[in-house]
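J.: Okay, sequence plus prediction incoming.
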Amino acid sequence: MRARAFIRRVWPAAAAAAILAAALSGMAMRSDTPGPLRFAISFPADRSPQPIDGRVLLFISDDGRTEPRFQSDQYRANTTRPIFGVDVDGLAPAQDVVIDARVAGWPARSLTDITPGEYYVQALVNRYETFRRSDGHTIKMPMDHGEGQHWDTKPGNLYSKPAKMRIDPASGGEVRISMDQEIPPITPPSDTAQVKYLHVPNERLSAFWGRPMELGAIVTLPMGWAQHPNARYPVLIHHGHFPRSAESDTWRETPPDAAIRGAQRDAQIAAYQFYKDWNGPNFPRMIHVLIQHPTPYFDDSYAVNSENNGPYGDAITRDLLPYLERTFRGIGQPWARVMTGGSTGGWETLGVQVFYPNDYNGAWALCPDPVDFRSYRSVNIYDEHNAYYYEDNPWKRTPKPGFRDYRDHLFATFEDRNLVELALGTHGRSAGQHDAWASVFGPVGDDGYYKPLYDKATGAIDPAVARYWRDHFDLRFIMQRDWASLGPKLRGKIHLTSGTMDNGYLNSAMYQMEEFLMRATPSAEAEIVYGERREHCFTGDTEHPNNVGSRTVHQRYMPAMAQWMIRSAPAGADTRSWVY
């Protein structure tokens, strides 16, 4: 699950006025052509002389504080403004793609559902690439271009400037939109004395996807690394969503900006404090690694092998990690590797420990994504027939919840969170959370895209796909099924946290995992910490709010990680050279 707040890109008043004044260059207001309301969207040849494959998105918003393309909140969903989308294959320059009342959208299901009024309108095309995979399937998918699978900021995507206009479906007419803007490339961050940015080609992934693929790594070196050439270090893998830089992991090498106030300043203070603690006396000397592994489906592969995404688990554990250990003087032994991460990173941390039990020595899995699919958020995928509605009464349909706050106030249903993804992309190409899970946990369909667990239009669950999810990626089920062999390898290595009011109902799966772990024989010696009435993502700090605790994860857990590794190291292991 994406453990990040919905970002609002607020325009200063003057900038907003300038943008809107210039917007008409890319959009003609309603033409005199009679007939139903329709939007004719195209792109000029000077942006791409070649045809484009992708998804053309139309955004209609009554909120002028941000560009409409930035208003697709897939989590709370109540802030999302209408989105309509159409797949295009070989769309030529100046060729129109038409969005009219026949095109399904969300939360407005049709253009006819738009109430008359003044709106900001914008269009964007999320460009797709053709992949000829080693399994024989050819599919068209949106590839990451350094932005972390965010189509609204993806370099190379074309879009129109937002324009304000009156829309009245009853009056009809045609609106022509030219996507004459292009999102520019991202400037990569630069190395510092302690932080190194690497891009490592990977043969396994390249072979699977039928084109060159690579893994990225952001490596933070311990204090004194250059001055202690004979030291060898343990490695902490910090799993999670696509990190753009070390600063995305609350690291800052300079004091806070004096001109910054509020929450941003608090974040800078915490990031600079981590930098000082990392380089302070008695802090564990370890190599810290953030991995960049976006797939064509999501900003993150979930660090495991899967039918739809390929051998990311082996690529990370068997290829990238040993390479980093050789390059930066890691100890290179399983006892000297630990992991942490929250949300998506929490699931990865536990999942990788379970799937590679002999390769890692501890999983601090914080607020993980569903670890028991009897509670896939609010859905029991095994015993229930519909993901969207409870079916205990044939005379009514009770919606299943999708997103709440700590007071249990419901912001979005499970159906809401899937329909916004469906508007953004068919065949699982939304880069949204549910599409991501389905691509990792599910089998390949006959068309080469993932085979859905449930019908996105109706919510009907496919029991055969549910069994596949269970047998391959339900962590509680797998651990319980294989505990005779897994138990001795995982003893003392599992540390879990969860808020009891997790926004996405992830605490329900944690209760079921706890029930198993507390009764497991041999003993799991697992640790589980709950945050009473805490939302997503509770990281185990019971004394401070979640946003504060998330900034001190390393200071709170790394001393315990170091002590555990020293205590559990085999005889003759190097437990001294890195302790200084």
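T.: Good, I have the coordinates.
J.: separation between residue 229 and residue 574?
T.: Distance, residue 229 to residue 574, using C-beta to C-beta, to the nearest Å: 14 Å. Every C-beta, even on glycine, is put in place using the N, C-alpha and C of the backbone.
J.: Specify the local secondary structure of residue 340.
T.: Under DSSP: H, G, I helix; E, B strand; the rest coil, residue 340 falls in the strand class.
J.: I'd assumed residue 236 was in contact with it.
T.: Yes: taking contacts as C-beta atoms under 8 Å, residue 340 lies within contact range of residue 236: 6.8 Å.
J.: where's the closest residue to residue 209 other than its chain neighbours relative to residue 301, distance?
T.: Distance criterion C-beta to C-beta, 6 or more residues apart in numbering; nearest residue to residue 209, sequence neighbours excluded, is residue 131 at 5.4 Å. Distance from residue 131 to residue 301, counting by C-beta to C-beta: 15 Å.
J.: This protein: helices as residue ranges?
T.: Along the chain, the stretches classed as helices by DSSP state H are 13-22, 203-209, 262-278, 312-314, 321-327, 344-355, 414-424, 433-441, 463-473, 475-481, 483-490, 507-519, 546-549, 553-568.
J.: what would those helices look like in TSV with mean neighbour count and mean pLDDT?
T.: Shown next, in TSV, are those (neighbours: other C-beta atoms under 10 Å; pLDDT from 0 to 100):
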stretch	mean neighbour count	mean pLDDT
helix 13-22	12	41
helix 203-209	18	98
helix 262-278	16	94
helix 312-314	22	98
helix 321-327	17	98
helix 344-355	27	98
helix 414-424	23	95
helix 433-441	25	98
helix 463-473	17	98
helix 475-481	20	98
helix 483-490	15	98
helix 507-519	19	98
helix 546-549	17	94
helix 553-568	17	98
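J.: any chance of the ones you listed in TSV, with distance to residue 102 too?
T.: Conversion of those to TSV gives the following (distance: least, C-beta to C-beta, whole Å):
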stretch	distance to residue 102
helix 13-22	30
helix 203-209	34
helix 262-278	44
helix 312-314	39
helix 321-327	50
helix 344-355	36
helix 414-424	14
helix 433-441	24
helix 463-473	30
helix 475-481	43
helix 483-490	52
helix 507-519	39
helix 546-549	44
helix 553-568	49
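J.: Nearest to residue 60 among those would be which one?
T.: Residue 60 lies closest, by C-beta to C-beta, to one member of those: helix 414-424, at 11.9 Å.
J.: Identify each buried residue in stretch 236-245, please.
T.: The neighbour-count check on stretch 236-245 (16 or more other C-beta atoms under 10 Å) flags 236-244 as buried.
J.: Would you reformat the residues you listed as CSV and include distance to residue 348 and pLDDT?
T.: Below are the buried residues of stretch 236-245 laid out as CSV (distance: C-beta to C-beta, whole Å; pLDDT from 0 to 100):
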residue, distance to residue 348, pLDDT
236, 14, 98
237, 9, 98
238, 10, 97
239, 4, 97
240, 8, 94
241, 10, 95
242, 13, 96
243, 13, 94
244, 18, 92
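J.: what about residue 194, how many neighbours?
T.: Other residues near residue 194 come to 19 when the count uses other C-beta atoms under 10 Å.
J.: State the pLDDT value of it.
T.: Per-residue pLDDT puts residue 194 at 97.
J.: what's the answer for the one 5 residues further on, then?
T.: According to the prediction, residue 199 has pLDDT 97.
J.: circling back: which neighbours do residue 340 and residue 236 have in common?
T.: residue 561 (C-beta atoms under 8 Å, 6 or more residues apart in numbering).
J.: Between residue 131 and residue 301, point out the one with more neighbours.
T.: residue 301 (26 against 18).
J.: Please verify my assumption that that one contacts residue 295.
T.: Yes: using C-beta under 8 Å, residue 301 is in contact with residue 295, at 4.9 Å.
J.: tell me, what's touching the two both at once?
T.: 309-310, 312.
J.: Go through those residues and name the one nearest residue 225.
T.: Residue 225 lies nearest to residue 312 out of the shared contacts of residue 301 and residue 295, by C-beta to C-beta, at 28.0 Å.
J.: residues contacting that closest one?
T.: Neighbours of residue 312 in contact, by C-beta under 8 Å, 6+ apart: 205, 293, 295, 301-306.
J.: That one and residue 151: what is the separation?
T.: Relative to residue 151, and taking C-beta to C-beta, residue 312 is found at 21 Å.
J.: Stretch 329-342 spans what distance, first to last residue?
T.: 27 Å (C-alpha to C-alpha, to the nearest Å).
J.: Would you mark the buried spots in it?
T.: 329-333, 335-342.
J.: could I get these as CSV with pLDDT?
T.: Shown next, in CSV, are the buried residues of stretch 329-342 (pLDDT from 0 to 100):
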residue, pLDDT
329, 98
330, 98
331, 98
332, 97
333, 98
335, 98
336, 98
337, 98
338, 98
339, 98
340, 98
341, 97
342, 97
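J.: I'd like those residues written out as JSON lines, with distance to residue 57 added.
T.: What follows is the buried residues of stretch 329-342, written out as JSON lines (distance: C-beta to C-beta, whole Å):
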{"residue": "329", "distance to residue 57": "47"}
{"residue": "330", "distance to residue 57": "44"}
{"residue": "331", "distance to residue 57": "48"}
{"residue": "332", "distance to residue 57": "46"}
{"residue": "333", "distance to residue 57": "49"}
{"residue": "335", "distance to residue 57": "49"}
{"residue": "336", "distance to residue 57": "47"}
{"residue": "337", "distance to residue 57": "42"}
{"residue": "338", "distance to residue 57": "41"}
{"residue": "339", "distance to residue 57": "36"}
{"residue": "340", "distance to residue 57": "36"}
{"residue": "341", "distance to residue 57": "31"}
{"residue": "342", "distance to residue 57": "30"}
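J.: what's near enough to touch the closest residue to residue 444 other than its chain neighbours?
T.: If you skip the residues right next to it in sequence, residue 444 has residue 307 as its closest partner in space, 4.8 Å away by C-beta to C-beta, 6+ apart. By C-beta under 8 Å, 6+ apart, residue 307 lies in contact with 135, 442-444, 450.
J.: From those, keep the buried residues only.
T.: Buried members of the contacts of residue 307, counted by 16+ other C-beta under 10 Å: 442-444, 450.
J.: Let me know the closest of those to residue 515.
T.: residue 442 (25.8 Å).
J.: Next, find the distance separating that closest one from residue 466.
T.: For residue 442, the distance to residue 466 - C-beta to C-beta - is 10 Å.
J.: Quickly list what's touching both of those two.
T.: Joint contacts of residue 442 and residue 466 (C-beta under 8 Å, 6+ apart) are residue 453.
J.: what sits against the closest residue to residue 574 other than its chain neighbours?
T.: Distances taken as C-beta to C-beta, 6+ apart place residue 232 nearest to residue 574, at 5.4 Å, with adjacent residues excluded. Listed by C-beta under 8 Å, 6+ apart, the contact set of residue 232 reads 329-332, 574, 577-578.
J.: give me that answer again for 6 Å
T.: With C-beta atoms under 6 Å, 6 or more residues apart in numbering as the criterion, the residues that contact residue 232 are 329, 331, 574, 577.
J.: measure it to residue 367 for me?
T.: Residue 232 is 32 Å from residue 367, by C-beta to C-beta.
J.: same thing with residue 61?
T.: Distance, residue 61 to residue 367, by C-beta to C-beta: 31 Å.
J.: The two - which one has more neighbours?
T.: residue 367 (33 against 22).
J.: tell me the contacts of the more buried one?
T.: Listed by C-beta under 6 Å, 6+ apart, the contact set of residue 367 reads 342-343, 346, 497-498, 536-538.
J.: So, low pLDDT: which residues of the stretch 51-200 of the chain?
T.: 74-78 (pLDDT under 70).
J.: how about the strands of it, start to end?
T.: Taking DSSP state E, counting those that start in this stretch as the test, the strands found in the stretch 51-200 of the chain are 52-61, 83-91, 97-99, 105-106, 117-127, 129-132, 138-141, 158-159, 163-167, 174-178, 181-182, 195-201.
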